[in-house]
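**Q** One predicted model, sequence on top.
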Amino acid sequence: MMITVKTISTDLKSVREKSPLVHNITNFVVMNNTANALLAVGASPVMAHAVEEVTDMVNIASSLVINMGTLNPQWVDGMIAAGKAATKKGIPVVFDPVGVGATPYRNEVAARIVNECKPTFIRGNASEIMALAKENIVTKGVDSSASSNSAIEGAKRLATETGAIVVISGPEDFITDGKEVLSTKNGSTMMAKVTGMGCTATAVLGAFAGVNANRLEAATHAMAVMSIAGEIAAAKSAGPGTLQLHFLDTLYNLSEADIEKTFKA
Amino acid sequence: MMITVKTISTDLKSVREKSPLVHNITNFVVMNNTANALLAVGASPVMAHAVEEVTDMVNIASSLVINMGTLNPQWVDGMIAAGKAATKKGIPVVFDPVGVGATPYRNEVAARIVNECKPTFIRGNASEIMALAKENIVTKGVDSSASSNSAIEGAKRLATETGAIVVISGPEDFITDGKEVLSTKNGSTMMAKVTGMGCTATAVLGAFAGVNANRLEAATHAMAVMSIAGEIAAAKSAGPGTLQLHFLDTLYNLSEADIEKTFKA
Amino acid sequence: MMITVKTISTDLKSVREKSPLVHNITNFVVMNNTANALLAVGASPVMAHAVEEVTDMVNIASSLVINMGTLNPQWVDGMIAAGKAATKKGIPVVFDPVGVGATPYRNEVAARIVNECKPTFIRGNASEIMALAKENIVTKGVDSSASSNSAIEGAKRLATETGAIVVISGPEDFITDGKEVLSTKNGSTMMAKVTGMGCTATAVLGAFAGVNANRLEAATHAMAVMSIAGEIAAAKSAGPGTLQLHFLDTLYNLSEADIEKTFKA
């Protein structure tokens, strides 16, 4: 598979034209950021977590994002119900196992979500993907303590075992279906100093998955757009505060010419 | 009723001088934005949702804002208890029926809040107001799928039936008590690309309702201030990221001269 | 005890080098801000509140921050369990009694946290510290209605009774162990117009407490860094919107030379 300026731009245009409704069950820290990133990229976000309504919300959505950043049993019930409904309906389910490996509860919930919701995409940092793949890794909270490269074998195995496209994000991002491994090389180290940039990548992946049925392409395009926008924004930013807003402005204005100028194949 | 630069400025000055305590039970996505907008406009925000304390918080507040963006039964209990306490105390209750029409659960909760809390103000986008007025409308998540104009008849009927001032926000805002229909014409399309601008309007309405007993005036002034500040901020902004912060700066600094220069009667 | 440019810089450098994992159980309004401030200052934030996992999260953390801004019984269970685990493990517990004095429920929860979690630090505005010290004070929501000076005696008594370092933040900050009273004089009045600046101070205190066992020093250094960064950022800001991002950029870039230029001893 060949990811080019053209294929990235085509999918981005498609997100803007179709404005897929992305249903997010995500954490308290990043809800605002991910909603704003989805709006900026051209999608339509909705946040709803109660078991009383998630099935109905899934029924009008183009994709579902499950992010387990700030868990409790009530929220897990909502996630599981929504994930099952989405799988039944046949829309993409993007799972972000935030902090898996940090506590037994997170490990248990992540395993339940993988088994019961059968996500079509799993995106995490290297530590999280290795923890989920039961590789030998010590996780420190929600930040990665391993390099992206070291998680590739685990990611491939996880993709094969679960049937999901697995994305490792980091300085270089890797995207795999268990066989092929694609990568995107843009970005900025400053992105790791803004909370929820990973969660935002997951949400943006939900938007691209909502418009492109080729899952490996959708995931790679989403990661490319995230890292290209981050790189352009970081070049204008004095620190992580200004980066946040330049990132949203850049997502909103991102043109094929911008992608052309920045994309590292 | 005549809304002028002078009447808007007088109410804004009043908000800044009296700094009304606005009690918000609102959604996870926008809490930070609405708290910051209330501070910037000169009010004092407080967020509290537990049934264990909402009645006591209402008792020190000047107005109550109920926003059902991210619902669950526990929060609904808090909303209902607070709304009843506010009605009993006689302070304004501003209701934002986020996403009503999107799921049966939202419809049911919105109906309960209208019936049990007897809001003095209801603010939504065109889709939400039409859904609440039981007009024929297909809602797509939390973003409007109808024009503001098309919701006016429903809004008037809803105002008459509930006794609330009903506000439809959109490119042009309409404010009605069921008989008179006022409008504000400022704003920027970019505001729709920032999450929670509608929720922020609802919160700011809570501030104005806390200082002006003329409800139609309070609502129209709040919407005018929101849309004037949004228009000024958008003119300085490269996208929705910078718009957010320029919006807060503009609210904070908004002078009678700024209003004079921008207000479209 | 003598707080100097050198001692502040040394602790800041230590935060950046050790990147302590700060476990936050905090309120919905400020989670994003506090996570970003912790990242900007060089620490590693994690947010987790469920009783199912807080003990495990505490076990990998360097400090625990408990902030009771948006309470409910489930969250209180998580706070108490985490606080007990942290005390048992011997890591610092920083308590922010947001809005104590505003409702009986808040008073009751604050008392429980003080008694059962035995916080090593308590940080609040003057109203909150006076309310917690059972001084005669009428609280208005979550904003202070008293001057910092007027809370000093209450703070000293509270420190003596609880064994905690008590911090009163305001235009001038006071830090006491019940005997000595230190102060930091930097800052900007505009900081009070950004929601959660106090909560952010509490979180940053968690970072400094994670690297310096001298508690009076850690607290004073944290407050100095907050107020110096706030002052530098405010000088560049047109209002509370831009202040937020300049504050994060300043925290991220803060050098010994910046501290030297700004610090008021």
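**A** Happy to help now that I have it. Residues are numbered from 1 along each chain as shown, chains lettered A, B, ... in the order given.
**Q** Please list the residues of chain A that sit near chain C.
**A** When proximity is defined as CB under 8 Å from any CB of the partner chain, chain A approaches chain C at A:27-30, A:32-33, A:69-73, A:99, A:102-106, A:140-143, A:192-196, A:237-242, A:244-245. C-beta: built from backbone N, CA, C; applies to glycine.
**Q** Kindly recompute the last result at 7 Å.
**A** Counting by CB under 7 Å from any CB of the partner chain, the positions of chain A adjacent to chain C are A:28-30, A:32-33, A:70-73, A:99, A:102-106, A:140-143, A:193-195, A:238-242, A:244-245.
**Q** In PyMOL, how would I select the buried members of those?
**A** Restricted to buried positions by 16 or more other CB atoms under 10 Å in any protein chain shown, the PyMOL selection for those reads:
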select buried, chain A and resi 28+29+30+32+33+70+71+72+99+102+103+105+106+140+141+142+143+193+194+195+238+239+240+241+242+244+245
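**Q** Among the residues of chain A next to chain C, which ones are in helices?
**A** Residues of the residues of chain A next to chain C located in helices (DSSP state H): A:32-33, A:73, A:104-106, A:240-242, A:244-245.
**Q** Tell me the one among these nearest to chain B.
**A** Of all those, chain B sits closest to A:Leu245, with 3.3 Å by CB to the nearest CB.
**Q** Cross-check the contact I'm expecting between that closest one and C:Leu245.
**A** Yes: the pair formed by A:Leu245 and C:Leu245 meets the contact definition of CB atoms under 7 Å, at 6.3 Å.
**Q** Mutual contacts of these two, please.
**A** Between them, A:Leu245 and C:Leu245 share these contacting residues under CB atoms under 7 Å, 6 or more residues apart in numbering or on different chains: B:Leu245.
**Q** mind checking the SS state of A:Asp11?
**A** Per DSSP: H, G, I helix; E, B strand; the rest coil, the secondary structure class of A:Asp11 is helix.
**Q** show me what contacts A:Ser183?
**A** With contacts defined as CB under 7 Å, 6+ apart, A:Ser183 is in contact with A:172-174.
**Q** Apply 6 Å and report the result again.
**A** Listed by CB atoms under 6 Å, 6 or more residues apart in numbering or on different chains, the contact partners of A:Ser183 are A:172, A:174.
**Q** for it, helix, strand, or coil?
**A** With three-state DSSP as the basis, the three-state label of A:Ser183 is strand.
**Q** in chain A, which ranges drop under the pLDDT threshold?
**A** For chain A, residues meeting the criterion pLDDT under 70 lie at A:136-141, A:145.
**Q** Spell out, range by range, the strands that occur in it.
**A** Counting by DSSP state E, one finds strands in chain A at the ranges A:21-25, A:44-47, A:63-67, A:93-96, A:121-125, A:165-169, A:173-176, A:181-184.
**Q** Looking at those, spot the one closest to B:Thr220.
**A** Of all the strands of chain A, it is strand A:44-47 that lies closest to B:Thr220, at 28.8 Å by CB to CB.
**Q** which residues sit against the closest one?
**A** Contacts to strand A:44-47, defined as CB under 6 Å, 6+ apart, come from residues A:19, A:21-24, A:31, A:35, A:38, B:29, B:70, B:141-143.
**Q** my guess is A:Ala35 meets B:Thr195, correct?
**A** Yes: taking contacts as CB atoms under 6 Å, A:Ala35 lies within contact range of B:Thr195: 3.9 Å.
**Q** Now do the shared contacts for the two.
**A** B:Val29.
**Q** Chain B next: which of the ones in helices among the residues of chain A next to chain C are close?
**A** Near chain B, judged by CB under 6 Å from any CB of the partner chain, the entries from these are A:32, A:245.
**Q** A:Ser255: which of the ones in helices among the residues of chain A next to chain C is nearest?
**A** Where those are concerned, and distances follow CB to CB, A:Ser255 has its nearest neighbour in A:Leu245, at 18.7 Å.
**Q** Which one of the ones in helices among the residues of chain A next to chain C is nearest to B:Thr262?
**A** Comparing every one of those with B:Thr262 (CB to CB), the shortest separation belongs to A:Leu245, at 22.8 Å.
**Q** got a list of what the nearest residue to A:Ser150 once chain neighbours are set aside touches?
**A** The spatially closest residue to A:Ser150, leaving aside those adjacent along the chain, is A:Ala126, at 6.2 Å (CB to CB, 6 or more residues apart in numbering or on different chains). Going by CB under 6 Å, 6+ apart, A:Ala126 touches A:144, A:146, A:148, A:151, A:168, A:170.
**Q** ditto for A:Thr162
**A** A:Val114.
**Q** Please report how far it lies from A:Met68.
**A** Taking CB to CB, to the nearest Å as the measure, A:Thr162 and A:Met68 are separated by 16 Å.
**Q** Do I have it right that A:Glu135 meets A:Ala155?
**A** No: with contacts defined as CB under 6 Å, A:Glu135 does not count as touching A:Ala155, sitting 9.4 Å away.
**Q** ok, the two, which is more surrounded?
**A** A direct count of neighbours by other CB atoms under 10 Å in any protein chain shown for A:Glu135 and A:Ala155 places A:Ala155 higher, at 28 against 19.
**Q** and the closest residue to the more buried one other than its chain neighbours, how far is that from A:Thr26?
**A** Counting by CB to CB, 6+ apart, A:Ala155 lies nearest to A:Val166, which is 4.3 Å off, once chain neighbours are set aside. Spatial separation of A:Val166 from A:Thr26 under the definition CB to CB is 19 Å.
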